[in-house]
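Engineer: Quick one: sequence plus predicted model below, questions after.
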Amino acid sequence: MKVYCAWCQQEGRPALLREVEPFDDPTETHGICPEHKRQILGQLQEARLGRPEVGGPLVRAGGPSGERPEVDELDAGELRRRITDWIGEGQVVLTQLIPALLDRHDRLRARVDEAERQAEQLRQELTRAQQRLAVLQEENDALRREQEEIVALFRRVMDQTMEQVLQPMYEMLQRLRLKARK
């Protein structure tokens, strides 16, 4: 997403400030460049400090001292012009910034909704996989028990078979030894 200075755009000057994430997003948003920021802050500072009627205490006609404040017509006109300019610039910023922010909010909301949908889908897949794993583990345990039973049975059979085969051979060998000694 590209960030442009709204004031620079209005003046027809190069206005690109920076690019921010998401970088693949072609939409624009607005900010303020350091130069215009200094100008606006300077105007506000000047209006607050240089003009006591702006930002200072409110003085009404016939106030506590009973005197009416003097208003310099030139200063009031300049102040009116600056305020009008400031309001106009603010409207330009708002007409460009608010739709961009709302659009970005809508895009981000859509991405969040999609991510939540995918997360729910992954949770369901995980649950199914865990259930399948439990079934497979039970099957595996049953097969291991069966294998152990087969091995134990095979050992008993082999032991009995070997005993049955070797016992007569041993007895025959004993008889042959006895005959050979005689």
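Structural biologist: Received it, and whenever you're ready, just let me know what you need.
Engineer: Quickly find the element holding His30.
Structural biologist: strand 28-31 (DSSP states H and E).
Engineer: contacts for that strand?
Structural biologist: With Cβ atoms under 8 Å, 6 or more residues apart in numbering as the test, strand 28-31 has contacts from 1-6, 9, 17, 20, 93, 96-97, 100-101, 104. C-beta: built from backbone N, CA, C; applies to glycine.
Engineer: As PDB, could you dump the C-alpha coordinates of it?
Structural biologist: Extracted as PDB, the C-alpha positions of strand 28-31 are listed here (Å, rounded to 0.1, in the frame of the first residue of the first chain):
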ATOM      1  CA  GLU A  28      -3.600   4.400  -1.600                       C
ATOM      2  CA  THR A  29      -3.800   6.000   1.800                       C
ATOM      3  CA  HIS A  30      -2.800   9.400   2.900                       C
ATOM      4  CA  GLY A  31      -0.500  11.000   5.400                       C
END
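Engineer: begin at 2 from here
Structural biologist: Shifting the count to begin at 2 puts that one at strand 29-32.
Engineer: That strand pairs with which strands?
Structural biologist: In the sheet, strand 29-32 lines up against strand 3-6 (parallel) (DSSP bridges).
Engineer: pLDDT score assigned to the closest residue to Ala7 other than its chain neighbours?
Structural biologist: The shortest distance from Ala7 to any non-neighbouring residue, by Cβ to Cβ, 6 or more residues apart in numbering, is to His31 (4.4 Å). Residue-level confidence at His31 comes out at 82, pLDDT.
Engineer: How about Leu179?
Structural biologist: 83.
Engineer: Same check on Ile84?
Structural biologist: Looking at Ile84, its pLDDT is 83.
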